[in-house]
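# Show me the folded form of this:
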Amino acid sequence: MGIFTRLTDIINSNLNALLDSAEDPEKLIRLMIQEMEDTLVEVRATAAKTIADKKELGRKMTRLQEAGAEWQRKAELALAKGREDLAKAALVKRAKLAETARLLADELGLLEGELGRHDEDVGRLQAKLNEAKAKQKAIVARREMIGTRQTVRRQLYSGRIEDALSRMAMVEKKLDEAEGEVEAYDLGRRKTLSEEIADLEAEAAIEEELEALKARVKSGAAATQG
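As a prediction, the model looks like this:
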């Protein structure tokens, strides 16, 4: 079953009210757009038929006018030859053709009016369709934003950041202890060149680990703030 029962329902619909009362706005807007697009195809098909009918009527009127002009010529010829009876008959034929042309002109006027209404309907329907598509984009963007916020919240309250901070504190503590051991070991004696280089390498490895951990913590905090 369609959401709308006729074209005027689409044109006069309040999309905001329909979406606000829907359990699944995203699904509803998809159905709305589909129905609007189907209706637009139908309206344009009807308009195309009206245009074809209008062109056919125009051709018929042209033929009637040409035929009327021919009977006028024959009436003048008959009268010139002294055949008033034939001239009168020819004028009767022309009058009948003129009456038929008048009826077709009336019909053509109706078709032009109908075509004008089709043009208005297509314009209003297209505007409503554009509105629906804009709302669909807004709904999708909102859903994606909510999904991103949910992901951030899950990361924020999952304990990962606290765990990382705790591990960083432990590393810093180990670094302090290592530095203390080095300093205590060095009391009262001078280190050899090899020992000093080894100490630098050990210190560099620990500092590299610390910097890497800090970078991961900073990255996680930035994602949470975003």
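# next one: whichever strand or helix holds Lys54 to chain centre, how far?
Using DSSP states H and E, Lys54 sits in helix 25-80. Offset of helix 25-80 from its chain centre (C-alpha atoms, centre = their mean, to the nearest Å): 33 Å.
# and that helix, what other elements does it pack with?
Using 3 or more C-beta pairs under 8 Å, 6 or more residues apart in numbering; DSSP states H and E, the elements in contact with helix 25-80 are helix 7-11, helix 15-20, helix 84-156. Where C-beta positions appear, they are placed from N, C-alpha and C, glycine not excepted.
# mind checking pLDDT for the spatially most central residue of the chain?
Nearest to the mean C-alpha position of the chain, by C-alpha atoms, centre = their mean, lies Lys133 at 4.0 Å. For Lys133, the pLDDT comes out at 88.
# can you check Thr148 too?
For Thr148, the pLDDT comes out at 72.
# Around it, how many other residues sit close by?
12 (other C-beta atoms under 10 Å).
# ok, now Gly82?
Using other C-beta under 10 Å: Gly82 sits among 9 other residues.
# Kindly report the same for Asp199.
Asp199 has 16 nearby residues by other C-beta under 10 Å.
# If you count contacts, what does the host helix or strand of it end up packed against?
Assessed by DSSP H and E, Asp199 sits inside helix 193-225. With contacts defined as 3+ C-beta pairs under 8 Å, 6+ apart, helix 193-225 has these neighbours: helix 84-156, helix 160-186.
# Mean pLDDT lowest where, among these?
helix 160-186 (a mean of 70).
# Many thanks, have a good one.
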